[in-house]
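Trainee: Would you be able to build a 3D model of this:
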Amino acid sequence: MAVSPAARRCLPRSRRLQRTGDFARLRLTGRRLVKGTLIANWVVTPPGTVSRIGVVTSRKIGSAVVRNRARRLLREVFRLHQHELVNPATLVLVARPSIAGKCFAAVEQDFLVALRQAGLLSPAA
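Mentor: Numbering: from 1, shown residues only. Now for the predicted structure:
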């Protein structure tokens, strides 16, 4: 049975980091890159595994409404581009205060540039 393109692009909860220890371990052992509205921390995982994401937003960004919008934007950008990764990776995206008020396209641009610089996306993607 063929899987629809929409089903392949979903982001189930199992693909999200939720434990504090996972975030801390990735911060200690992973690599880090700052780009525009976000900070990307990542660890490349073995082939055959799935990519996972965690999102961090602090109160410095703004009210709960602003923080929730930032989380939704970052998760959506990852969801749309997760299949373009060269190798599976575990990512933690930290929203910077400059994300407040940014449109989806600006956040997506920062995400793509950061992942290309990190070598997680092919230069042509």
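
Trainee: All the strands of the chain, residue numbers only.
Mentor: 31-35, 38-44, 52-56, 89-95 (DSSP state E).

Trainee: now the angle from the third one to strand 89-95?
Mentor: Okay, so that is strand 52-56. Interaxial angle of strand 52-56 relative to strand 89-95 (axes from the mean of the first three to the mean of the last three CA atoms, to 10 degrees): 20 degrees.

Trainee: tilt between strand 52-56 and strand 38-44?
Mentor: Using the same axes, to 10 degrees: strand 52-56 against strand 38-44 is 150 degrees.

Trainee: Can I get strand 52-56 in CSV, CA atoms only?
Mentor: Below are the C-alpha coordinates for strand 52-56, written out as CSV (Å, rounded to 0.1, in the frame of the first residue of the first chain):
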residue,chain,number,x,y,z
ARG,A,52,13.8,14.3,15.7
ILE,A,53,13.3,17.9,16.8
GLY,A,54,13.1,19.8,20.0
VAL,A,55,12.1,23.5,20.3
VAL,A,56,13.1,25.8,23.1
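
Trainee: what's the closest of the strands of the chain to Arg67?
Mentor: strand 89-95 (7.6 Å; CB to CB). All C-beta spots, glycine's among them, are computed from the backbone N, C-alpha and C.

Trainee: Kindly list the longest helix within this structure.
Mentor: Counting residues, the longest helix in the chain under DSSP state H turns out to be helix 64-81.

Trainee: Can you pull out the residues in contact with that one?
Mentor: Under the criterion CB atoms under 8 Å, 6 or more residues apart in numbering, residues 9-11, 16, 38, 53, 55, 57-59, 61, 91, 93, 95, 99-100, 102, 104, 107-108, 111-112, 115, 121, 125 lie in contact with helix 64-81.

Trainee: CSV please, covering the strands of the chain and showing mean pLDDT.
Mentor: What follows is the strands of the chain, written out as CSV (pLDDT from 0 to 100):
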stretch, mean pLDDT
strand 31-35, 94
strand 38-44, 95
strand 52-56, 95
strand 89-95, 96
